[in-house]
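Undergrad: no sequence on hand, only this structure:
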């Protein structure tokens, strides 16, 4: 293990927990249609914070790609929610839920930076395990204190929890490997393509073609951002 490994894991645990709790508060106090678009400002925060803290300097094409990806996700979400382009931003001054969303975005960026540093100080599997172990050590007492009564229901849904854990592990490990190959802001921007995969599943399995057509502009902008990121690489 490299120097600073434990500190990076601990810092990830703290920032990830704070980001998750803030996002949960946002969803509790505001509409998901307003929270989701604003949450993606985390891409822009990460772009600047990674440059300042760990010296990740994106190329002009890379910056354009991240910006387009963030704009595409924003457009896609406001179109699907059938709200105006500016509404998630306007309600920042009136909706406490949106202020929690902004706080979640601000804490998410350092969580990405710290998990990447933990991985670079060890390897993908060890860094990922160490970071999420730290997060679990912080989050478990909070969950036991506030939601202990719900734990009795967990055995009834063990298959769902196992499946969730499996796919989350595969996603996190592949994401961790990507952090070792390129800039963290590029990885997070390309990750937004998961929304397009979810839309495709919606069309094929749930007949949501109309909803997809309504979001076409955002999807196209997001894809353009991904193309620029590929060229930047």
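TA: Done, it's in. Fair warning: this is a prediction, and the values are worked out from it, not measured in the lab. Numbers count the residues shown, from 1 in each chain.

Undergrad: C-alpha only now, for contacts and for neighbours.
TA: Noted.

Undergrad: could you pull out the buried residues of stretch 157-175?
TA: Residues 172, 173, 175 are the ones in stretch 157-175 that count as buried (16 or more other CA atoms under 10 Å).

Undergrad: quick one: find the helix or strand in this structure with the lowest mean pLDDT.
TA: Between all helices and strands in the chain, the lowest mean by mean pLDDT, DSSP states H and E belongs to helix 209-214, at a mean of 61.

Undergrad: distance check, the most far-flung residue of the chain relative to its centre against residue 53.
TA: Among the C-alpha atoms of the chain, the one farthest from their average position, using CA atoms, centre = their mean, is that of residue 152, at 29.2 Å. Separation of residue 152 from residue 53 (CA to CA, to the nearest Å) stands at 43 Å.

Undergrad: repeat for residue 117
TA: In this structure, residue 117 and residue 53 are separated by 11 Å, where distance is defined by CA to CA.

Undergrad: comparing the two, which residue is more hemmed in?
TA: Each of residue 117 and residue 53 had its neighbours counted (other CA atoms under 10 Å), and the higher figure belongs to residue 117 (23 against 10).

Undergrad: ok, residue 57 touching residue 49?
TA: No - between residue 57 and residue 49 there is no contact under CA atoms under 8 Å: 10.5 Å.

Undergrad: so for those two, which sits in the more crowded spot?
TA: residue 49 (18 against 15).
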